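Student: 3D model of this:
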Amino acid sequence: MANDFEKVTTPVKRVASKPETGDFLPPEAKKVKLDPAGVSDNKNPVSVLNELRIGLKYNLIEQTGPSHAPVFKVGVEVDGQTYYGVGGSKKVAKCRAAEEALKSFIQLPNNANMIYSTGADATNMDFTSDAFEGMHKHRTVVKKSTAKGPVMLLNELYPKVVYECTENEGCAYSRFKITITLGDEKFFGTGSSKKLAKNAAATAALAKLNFNLNDVKVDKRPNVLAEEQERADYVGRLIQEKFASLMANDSIHARRKVLAGIVMTRNGSLIDAEIISVTTGTKCISGEHISMNGCSLNDMHAEIVSRRCLISYFYDQLDLVAYGEEEKSIFTSREDGKGYRLREGLEFHLYINTAPCGDARIFSPHEEFDAIDRHPNRSSRGQLRTKIESGEGTIPVKVNTSLIQTWDGILQGERLLTMSCSDKICRWNVLGIQGALLSHFIEPIYLKSIVLGSLMRESHLNRAIYGRVENTIQGLPPPFRLNRPATYLLTSSETRQPSKAPNFSVIWAPSLTRPEIVNTNIGKPESGISRFCKQELMKRFVRLVGKISSITEIEKDTPSLYCEVKEAVYSYKVAKENLYEAFIKAGLGNWISKPLEQDMFELTELKE
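Tutor: Below you'll find the model as predicted:
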């Protein structure tokens, strides 16, 4: 079994010269300039433009000249801009106008190698056109796009396009990677089959061409701009390729069901995007292994562990402040001199290869797609749900379930309940992703976007991560707020791979020289404890107290217990209580907490 990407040959009906290979670059790193040689020869510009922009109207602006040799001027409005064409007939003028419009976003072949297939005889054609010679021999047009797939459409527009395929046998979800090169721009698609990968790559290319995909057989949200889709695809590709490189020589731990990661961007640019975490996992700790001193991870679902890596990264940045290197940190002092805030322009993007478990995933993926939920009042919509301790999936919180689980009940055999990932992400969108401890030092930080690799229904996802509490949450103390992150689906959507979830979680952060492998049954690596467990993060908190300024002035009166430190952030506590009350008001159930004993370890035990 090959661990590295192995180049294979993919048969393509129309093949030109092999494209140059190279690493992918973010959308803004290269200016789009489509290769003239790649544009389909002998196409009617009106036909091409009508495929790219459906529903256009051509207007006769004026008619001049004598009756035996009239000159017509036709205009067409595309994306708010009017383009004009002049010719000896209305049809020729219409073609000229369409060609001018196409030039605004596609570089046409040299010598205007799109013909005027108008059905008019030679007396109505412009004899000065370089494309006139031999024009009667060509009548090829791009046919209506209805029911066509993206590969077929791209092949009609660019019959010389080449699909370059590489294969990675170590990953069933993205085994094949297709690269399409058009001029200086590369487009990528991945999938469990070559067909899926080609469809994804072709869709990405058509989207960059501003092709109207409403009638194309792809699962694409029409309200997402091409630039936004490119950015989402880039974020997902960063995480996928980083994981592939980390697991290149470890086929055992390359097995996964859920892959997640967090990417940080600066000023909206992806050129210097930084990968903060790459994680896998779908399991929670067994109840018999829960820890009283915070040395075990309770929830090892990939997106949850990714957030713990982000918290560790925040501590790294606060350490820079403590060592007098604030100019290198992502944090800067608040105006009042108490605590810190995130520097302007920094944004965090969460990638998950599938919908988060819980409310966001309660739908049938093969039923007719609707951007709007037709049954928003069903009792199953929005319900708080808990993960199953020794299995996968979630179940709704029972009405009579106690708000707090008991330690002795868990040890005696009662199932350990953990809130679903959908519920936790909804909580992050109110309380922030920094958590209670860091709220002593920094203002709340929220996700800018969430990118999914599969199983996305916009109405269900948005309801799950913020919509279900929009109408009931109130009284949030500033600067806490209800965050509404942008949501995207990758062009290269993953397909379902029935398999048993592995009993380990892979965790990588920039501070690690190699990934940490955690046994999900015990919440620890095979030796030692995780660098991202409560105990380790609490140690980092203790080391910062008194060395940097705080919002809460925790250094003046530091509690002795971990749970007391969390409760000492009054604004965070109030925001959390208001969120839980919002769930209850909406009839969605109660938030279930872990046994109190889990957070009752002393800080003095952690001081070095």
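
Student: low-confidence ranges in the stretch 301-450 of the chain?
Tutor: Within the stretch 301-450 of the chain, the segments meeting pLDDT under 70 span 366-380, 399-400.

Student: change it to 90
Tutor: 362-382, 388-393, 398-404, 412-414 (pLDDT under 90).

Student: where along it do the helices fall?
Tutor: With helices called from DSSP state H, counting those that start in this stretch, the stretch 301-450 of the chain shows them at 302-322, 407-411, 421-431, 435-438.

Student: tell me where this protein has helices.
Tutor: Along the chain, counting by DSSP state H, helices occupy 45-52, 90-103, 150-157, 194-208, 226-246, 302-322, 407-411, 421-431, 435-438, 458-465, 534-544, 562-567, 570-585.

Student: if we can go back for a sec, for the helices of the stretch 301-450 of the chain, give me TSV that also has mean neighbour count and distance to residue 343.
Tutor: C-beta coordinates here come from the backbone N, C-alpha and C atoms, glycine included. Below are the helices of the stretch 301-450 of the chain laid out as TSV (neighbours: other CB atoms under 10 Å; distance: least, CB to CB, whole Å):
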stretch	mean neighbour count	distance to residue 343
helix 302-322	22	10
helix 407-411	15	42
helix 421-431	25	20
helix 435-438	22	16
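
Student: distance to residue 518 added to the helices of the chain, as TSV?
Tutor: Output for the helices of the chain, formatted as TSV (distance: least, CB to CB, whole Å):
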stretch	distance to residue 518
helix 45-52	49
helix 90-103	54
helix 150-157	40
helix 194-208	31
helix 226-246	15
helix 302-322	8
helix 407-411	20
helix 421-431	17
helix 435-438	19
helix 458-465	26
helix 534-544	13
helix 562-567	21
helix 570-585	27
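
Student: distance to residue 257 added to the helices of the stretch 301-450 of the chain, as CSV?
Tutor: As requested, the helices of the stretch 301-450 of the chain are exported to CSV (distance: least, CB to CB, whole Å):
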stretch, distance to residue 257
helix 302-322, 9
helix 407-411, 26
helix 421-431, 13
helix 435-438, 26
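
Student: to residue 68, which of those helices lies closest?
Tutor: helix 421-431 (71.0 Å; CB to CB).

Student: by how many degrees do that closest one and helix 570-585 diverge?
Tutor: Computed by axes from the mean of the first three to the mean of the last three CA atoms, to 10 degrees, the angle separating helix 421-431 from helix 570-585 equals 130 degrees.

Student: now helix 421-431: how far from the chain's centre is it?
Tutor: How far helix 421-431 lies from its chain's middle: 17 Å, per CA atoms, centre = their mean, to the nearest Å.

Student: which other helices and strands does it contact?
Tutor: Helices and strands touching helix 421-431, by 3 or more CB pairs under 8 Å, 6 or more residues apart in numbering; DSSP states H and E, are helix 302-322, helix 458-465, helix 570-585.

Student: which residues touch the spatially closest residue to residue 526 that is not a sequence neighbour?
Tutor: Once flanking residues are discounted, residue 526 sits nearest to residue 519: 6.3 Å by CB to CB, 6 or more residues apart in numbering. Applying CB atoms under 8 Å, 6 or more residues apart in numbering, we find residue 519 in contact with 503-504, 525-526.

Student: residue 255 and residue 557, how far apart?
Tutor: Computed as CB to CB, to the nearest Å, the residue 255 to residue 557 distance reads 49 Å.

Student: based on its surroundings, how many neighbours for residue 189?
Tutor: Residue 189: 30 surrounding residues under other CB atoms under 10 Å.

Student: just residue 293 next, same as before
Tutor: Look at residue 293: counted by other CB under 10 Å, it has 17 neighbours.

Student: leaving out sequence neighbours, find the closest residue to it.
Tutor: Counting by CB to CB, 6+ apart, the residue nearest residue 293 is residue 601, at 4.4 Å.

Student: isn't the one you found right up against residue 292?
Tutor: Yes. Using CB atoms under 8 Å, residue 601 makes contact with residue 292 at a distance of 6.4 Å.

Student: between those two, which one's more packed in?
Tutor: More crowded of residue 601 and residue 292, by other CB under 10 Å: residue 601, with 20 against 13.

Student: correct me, but residue 350 touches residue 446?
Tutor: No. With contact defined as CB under 8 Å, residue 350 does not reach residue 446; the gap is 10.7 Å.

Student: comparing those two, which shows the higher neighbour count?
Tutor: residue 350 (27 against 20).

Student: so the nearest residue to that one once chain neighbours are set aside bridges to which residues?
Tutor: Using CB to CB, 6+ apart and skipping residues adjacent in sequence, the residue nearest residue 350 is residue 450, 4.9 Å away. For residue 450, the beta-bridge partners are residue 350, residue 487 (DSSP bridges).

Student: quick one, what contacts residue 450?
Tutor: So residue 450 contacts 349-352, 425, 461, 465, 485-488 (CB under 8 Å, 6+ apart).

Student: residue 546: neighbour count?
Tutor: So residue 546, with other CB under 10 Å, has 13 neighbours.

Student: gap between the closest residue to it other than its chain neighbours and residue 444?
Tutor: Among residues not flanking residue 546 along the chain, residue 555 sits closest, at 4.5 Å (CB to CB, 6+ apart). Distance of residue 555 to residue 444, computed by CB to CB: 21 Å.

Student: and these two? which has more neighbours close in?
Tutor: More neighbours surround residue 444 than the other of residue 555 and residue 444, with 24 against 14 (other CB under 10 Å).

Student: hang on, isn't the more buried one packed against residue 478?
Tutor: No. Using CB under 8 Å, residue 444 makes no contact with residue 478, being 9.7 Å away.

Student: what residues sit buried inside the biggest strand by length in the chain?
Tutor: Counting by DSSP state E, the longest strand found in the chain is strand 269-280. Using 16 or more other CB atoms under 10 Å as the test for burial, strand 269-280 gives 270, 273, 275-280.

Student: pick the one among the residues you listed closest to residue 592.
Tutor: Looking across these and measuring by CB to CB, the closest to residue 592 is residue 279, at 23.6 Å.

Student: ok, the closest one - contacts?
Tutor: So residue 279 contacts 259-261, 302-303, 305-306, 309, 505-508 (CB under 8 Å, 6+ apart).

Student: of those residues, closest to residue 469?
Tutor: residue 303 (19.2 Å).

Student: I'd say the closest one and residue 354 touch.
Tutor: No. Taking contacts as CB under 8 Å, residue 303 lies outside contact range of residue 354: 9.8 Å.

Student: what touches both of the two?
Tutor: In contact with both residue 303 and residue 354: residue 258, using CB under 8 Å, 6+ apart.

Student: neighbouring strands for the longest strand of the chain, and are they parallel or not?
Tutor: Using DSSP bridges, strand 269-280 pairs in its sheet with strand 259-266 (antiparallel), strand 504-508 (antiparallel).

Student: distance to residue 50 and mean pLDDT added to these, as a markdown table?
Tutor: Shown next, in a markdown table, are those (distance: least, CB to CB, whole Å; pLDDT from 0 to 100):
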| stretch | distance to residue 50 | mean pLDDT |
| --- | --- | --- |
| strand 259-266 | 37 | 97 |
| strand 504-508 | 48 | 97 |
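
Student: can I get the ones you listed in CSV including mean neighbour count?
Tutor: Formatted as CSV, those follow (neighbours: other CB atoms under 10 Å):
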stretch, mean neighbour count
strand 259-266, 24
strand 504-508, 25
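
Student: got a markdown table for those strands, with distance to residue 154 too?
Tutor: Below are the strands paired with strand 269-280 laid out as a markdown table (distance: least, CB to CB, whole Å):
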| stretch | distance to residue 154 |
| --- | --- |
| strand 259-266 | 28 |
| strand 504-508 | 35 |
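
Student: closest to residue 246 out of those strands?
Tutor: Set against residue 246 and scored by CB to CB, those come closest in strand 504-508, at 5.7 Å.
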